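[1] pasting a predicted model and its sequence here:
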Amino acid sequence: MSLAPPSPWCVVGSAKADEPRGAVRVIDVAADGSRSEPVTFAPAEFAQFVAAREREASRRWVWHDTAARYPALLDAGVRVERCYDLRLCHQILATSAYISQAEALREASEWVVAADSAEAPQQSDSPTLFDIEARSRHRTAPPTLEAALDEFDRQRLAIAASHHPARLSLLLSAESAGALIAAELTHAGVPWDEAEHHRILRESLGPKPPLGTKPARMQSLGAEIREALGDPHANIDSPPKLLRSLRAAGIEVSSTSKWELAEHAHPAVDLLLEYKKMARLFTANGWAWLDEWVRDGRYRPTYVPGGVVTGRWASSGGGALQIPRQLRPALCADPGWLLVSADVSQLEPRVLAAMSGDRAMAAAGHGKDLYAGIVESGAVPSRQDAKIAVLGAMYGSTTGDAGRLVPRLRRAFPKAMRLVDQAAAVGEQGGQVTTWLGRSSPLPAEDWLALQSAASLPEASRRDEELARRTAREFGRFTRNFVVQGTAAEWALAWLAELRIRLSAFEAVPESNEPGSGFGRADSVRAPASGPVFSSRPHLAFFLHDEVIVHTPAAHAEAVARAIEESAARAGALLFGEAPVDFRLDVRISERALKE
DNA sequence: TATATCTGCGCG
DNA sequence: AAAGCGCGCAGATATA
């Protein structure tokens, strides 16, 4: 495991009260801790200063919140190579079990305030691009330079005194790189073919309905459903009312969810399932979504790095993490450009094999589909069984097919299973577990603890005991999954960070859409802007837990595909050294991000 | 009338 | 009611 070479830091804070509003104060901190005199910049000058510094030499920008500082730099055409996000790093360090004395960090409670809880003021009118930007940029007030320096010192001391400074440093670098990437993803946007999206909507839902009404096809389908149920007043959009109508029609369901409905043969059921599919598309990703989230051929969601306790990213607004497969064809490269899509095969079980040092499990996935390898090992008869067993092992299933299959896995891969079983045992006792690089799980809430201690008293009822046991097992399943999901998120961050560095080395290509280039659109309008920083070079366009999509000038596509592969190998080595686990990718080069 | 909670379904 | 983890969002319903 290697650390980044010692390099000067450039700590950034807000100006003092007597200086102009929005001004930025900056100070250099050398590797030996010595500091320069602080300098103050007006916001526009700050971008120029950063650009000049980035041209000189590698530096790490230390600031309170990348999401608050970086978008304006990108808009000014300035890209930053490395940063250290004090807020995200605080979030990790203040709870990490690798930190021996976290008191000083926890006392600096102003750093705990989650920026994502700071919602932008509600806009009642239909949102504009400005609103979208305002939403993603609204943050709590930045700390002064002195406060930033104090926090930076606290964090550096805590890391140096920790049990695993190298792992933590890697995690904090990856987390901070992730924050840069999230801002860059929003800046670049996902290339989105609005015409294709419209075509999909029209094909599934018919013509766009007038504002405030449902598509005609949904309305007529609704009428057919009411007919089939023999209930002219059935309200299909209200689950409780629909449930009553279904039961009145003799369909014995306990909810209106589709997986339960699908088990009943009734003319109304097929129609209803079709209606639900349409309703989902219409409300979640219909014409309204397109109006709100896609501008000039770019979909710009807001990502929230570190937004999930496990370290995964969350998103806020635009539903970036739930783009339905149905809409994947709308994710489409610009003319003359291509998409390089890559997803990791069975990321979480491979991570589990690596972190547990389970050589048998690593071997099962070596050079092939991990589930196929498990079948070959003889542990289970079919690929489907292998998949159910592995997911069941990581999620803590105890019943059904999974409950039957997991014990076989326990025999075949004892080291891997011991790791997740122990994580579950810790959680059931209200304890804390930690990922490979050092992100620790939150402790259970007070009412959870109260429930457990109440159930252990002699006067506790059977119901109390039962409830306590159930919630204990629930928390155990959470910690069981935390170590795997969290470490997988760390691998993915390392992968992204490596890839970002490799992509930045690509030469910019001439604007491919200029008239006469041969790629110009019929209307010869300029290419939809990927933002000033990325309009002429390969850039990350999409990231979803174990999948990335790079948008690249066609000439670079093959090299980008290799860069993605190399980055995956490098991420594996960074986290796990020479552990014999390979992280296999499925890489595709195409115009459209189709998914089988 | 505004806000909180629940249901259902999309993604990994 | 997903048997089993982690999310966000829309719409309906419950609550203040």
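    That came through, no problem. Residues are numbered from 1 along each chain as shown, chains lettered A, B, ... in the order given.

[2] switch to C-alpha atoms for all contacts and neighbour counts from now on
    Fine.

[3] which parts of chain A are strands?
    Secondary structure of chain A (DSSP state E): strands at A:9-14, A:24-29, A:39-41, A:60-63, A:82-85, A:190-191, A:294-295, A:298-299, A:303-304, A:314-315, A:337-344, A:539-543, A:547-553, A:585-590.

[4] export these as CSV, with columns for distance to DNA strand B and mean neighbour count.
    Output for these, formatted as CSV (distance: least, Cα to the nearest atom of the strand, whole Å; neighbours: other Cα atoms under 10 Å):
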stretch, distance to DNA strand B, mean neighbour count
strand A:9-14, 31, 23
strand A:24-29, 34, 21
strand A:39-41, 38, 17
strand A:60-63, 30, 24
strand A:82-85, 25, 24
strand A:190-191, 15, 26
strand A:294-295, 18, 19
strand A:298-299, 16, 24
strand A:303-304, 13, 22
strand A:314-315, 10, 19
strand A:337-344, 8, 24
strand A:539-543, 9, 25
strand A:547-553, 7, 25
strand A:585-590, 12, 17
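
[5] which of the ones you listed sits closest to DNA strand C?
    Closest approach to DNA strand C among these is made by strand A:314-315 (4.7 Å; Cα to the nearest atom of the strand).

[6] direction included, what does that closest one pair up with?
    Strands that pair with strand A:314-315, judged by DSSP bridges, come out as strand A:303-304 (antiparallel).

[7] mind listing residues that contact the strand it pairs with?
    A:Asp116, A:Ala182, A:Ala183, A:Thr186, A:Trp313, A:Ala314, A:Ser315, A:Ser316, A:Ala320 (Cα atoms under 8 Å, 6 or more residues apart in numbering).

[8] what about the fifth one, how many neighbours?
    It refers to A:Trp313. Neighbour count for A:Trp313, taken as other Cα atoms under 10 Å: 21.

[9] and the gap between the closest residue in space to A:Cys332 that isn't next to it in sequence and DNA strand C?
    Closest residue in space to A:Cys332, ignoring its immediate chain neighbours: A:Arg592 at 4.4 Å, by Cα to Cα, 6 or more residues apart in numbering. Distance, A:Arg592 to DNA strand C, using Cα to the nearest atom of the strand, to the nearest Å: 23 Å.

[10] pull the contacting residues for A:Ala223.
    Listed by Cα under 8 Å, 6+ apart, the contact partners of A:Ala223 are A:Pro232.

[11] and it, how far is that from A:Trp63?
    Remark: distance between A:Ala223 and A:Trp63 (Cα to Cα, to the nearest Å) = 58 Å.

[12] likewise A:Arg477?
    For A:Arg477, the distance to A:Trp63 - Cα to Cα - is 36 Å.

[13] one step back: how about a markdown table for the strands of chain A, with mean pLDDT added?
    Output for the strands of chain A, formatted as a markdown table (pLDDT from 0 to 100):
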| stretch | mean pLDDT |
| --- | --- |
| strand A:9-14 | 96 |
| strand A:24-29 | 96 |
| strand A:39-41 | 95 |
| strand A:60-63 | 97 |
| strand A:82-85 | 97 |
| strand A:190-191 | 97 |
| strand A:294-295 | 95 |
| strand A:298-299 | 97 |
| strand A:303-304 | 96 |
| strand A:314-315 | 94 |
| strand A:337-344 | 97 |
| strand A:539-543 | 97 |
| strand A:547-553 | 97 |
| strand A:585-590 | 97 |
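
[14] count of residues packed around A:Leu499?
    Counted with other Cα under 10 Å, A:Leu499 comes out at 24.

[15] what sits against the residue in the stretch 301-450 of chain A that DNA strand C sits nearest to?
    Across the stretch 301-450 of chain A, the shortest distance to DNA strand C (Cα to the nearest atom of the strand) belongs to A:Gly317, at 2.7 Å. Under the criterion of Cα under 8 Å, 6+ apart, the neighbours of A:Gly317 are A:Pro301, A:Thr302.

[16] could you do A:His539 as well?
    A:His539 sits next to A:Ala188, A:Arg500, A:Leu503, A:Val550, A:His551, A:Thr552 when contact means Cα under 8 Å, 6+ apart.

[17] same thing with A:Glu465?
    A:Glu465 neighbours (Cα under 8 Å, 6+ apart): A:Ala455, A:Ser456.

[18] and stretch A:344-357, does that touch DNA strand C?
    No. Applying Cα under 7 Å from any atom of the strand, one finds stretch A:344-357 separated from DNA strand C by no less than 10.3 Å.

[19] ok, stretch A:449-467 next?
    No. Figure legend: stretch A:449-467 not in contact with DNA strand C (Cα under 7 Å from any atom of the strand); closest approach 13.7 Å.

[20] can you list the buried residues in that stretch?
    A:Leu449, A:Leu451, A:Gln452, A:Ala454, A:Ala455, A:Asp464, A:Glu465 (16 or more other Cα atoms under 10 Å).

[21] and if you look at stretch A:347-358?
    A:Leu347, A:Glu348, A:Pro349, A:Arg350, A:Val351, A:Leu352, A:Ala353, A:Ala354, A:Met355, A:Ser356, A:Gly357, A:Asp358.

[22] can you tell me how far the third one is from A:Glu376?
    It refers to A:Pro349. 16 Å.

[23] what does the last one give?
    Taking Cα to Cα as the measure, A:Asp358 falls 16 Å from A:Glu376.

[24] who's in contact with A:Thr552?
    Residues in contact with A:Thr552 (Cα under 8 Å, 6+ apart) are A:Trp337, A:Leu338, A:Leu339, A:Val340, A:Arg537, A:Pro538, A:His539, A:Val560.

[25] name the nearest residue to it, sequence neighbours excluded.
    A:Pro538 (4.0 Å).

[26] quick one: residues contacting the one you found.
    Counting by Cα under 8 Å, 6+ apart, A:Pro538 touches A:Leu503, A:Ser504, A:Phe506, A:Val550, A:His551, A:Thr552, A:Pro553, A:His556, A:Val560.

[27] nearest residue to A:Leu180 other than its sequence neighbours?
    A:Thr66 (6.6 Å).

[28] then A:Ser356?
    The nearest residue in space to A:Ser356 (Cα to Cα, 6+ apart) is A:Ala416, at 5.2 Å.

[29] thought that neighbour was touching A:Glu348?
    No. The pair A:Ala416 and A:Glu348 does not pass the contact test of Cα atoms under 8 Å, sitting 11.6 Å apart.

[30] contact partners for A:Arg469?
    Counted by Cα under 8 Å, 6+ apart, A:Arg469 has contacts A:Gln452.

[31] scratch that, A:Ser254
    A:Ser254 touches A:Leu243, counting by Cα under 8 Å, 6+ apart.

[32] so what's it scoring on pLDDT?
    According to the prediction, A:Ser254 has pLDDT 94.

[33] if I look at it, how far off is A:Arg280?
    From A:Ser254 to A:Arg280 the distance is 21 Å (Cα to Cα).

[34] so where is the stretch 51-200 of chain A shaky, pLDDT-wise?
    A:113-140 (pLDDT under 70).

[35] hey, where'd the helices end up in it?
    Assignment of helices within the stretch 51-200 of chain A using DSSP state H, counting those that start in this stretch yields the ranges A:66-75, A:86-93, A:103-107, A:129-137, A:145-160, A:165-188, A:194-205.

[36] count of residues packed around A:Glu37?
    Taking other Cα under 10 Å as the criterion, the count of residues near A:Glu37 is 8.

[37] quick one on the thing from earlier: mind putting the contacts of A:Thr552 into CSV with distance to A:Arg295?
    Below are these laid out as CSV (distance: Cα to Cα, whole Å):
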residue, distance to A:Arg295
A:Trp337, 19
A:Leu338, 20
A:Leu339, 19
A:Val340, 22
A:Arg537, 20
A:Pro538, 20
A:His539, 18
A:Val560, 26
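
[38] got the residues of the stretch 201-350 of chain A near DNA strand B?
    Counting by Cα under 7 Å from any atom of the strand, the stretch 201-350 of chain A sits next to DNA strand B at A:239-240, A:255-259, A:276-277, A:280, A:321-326.
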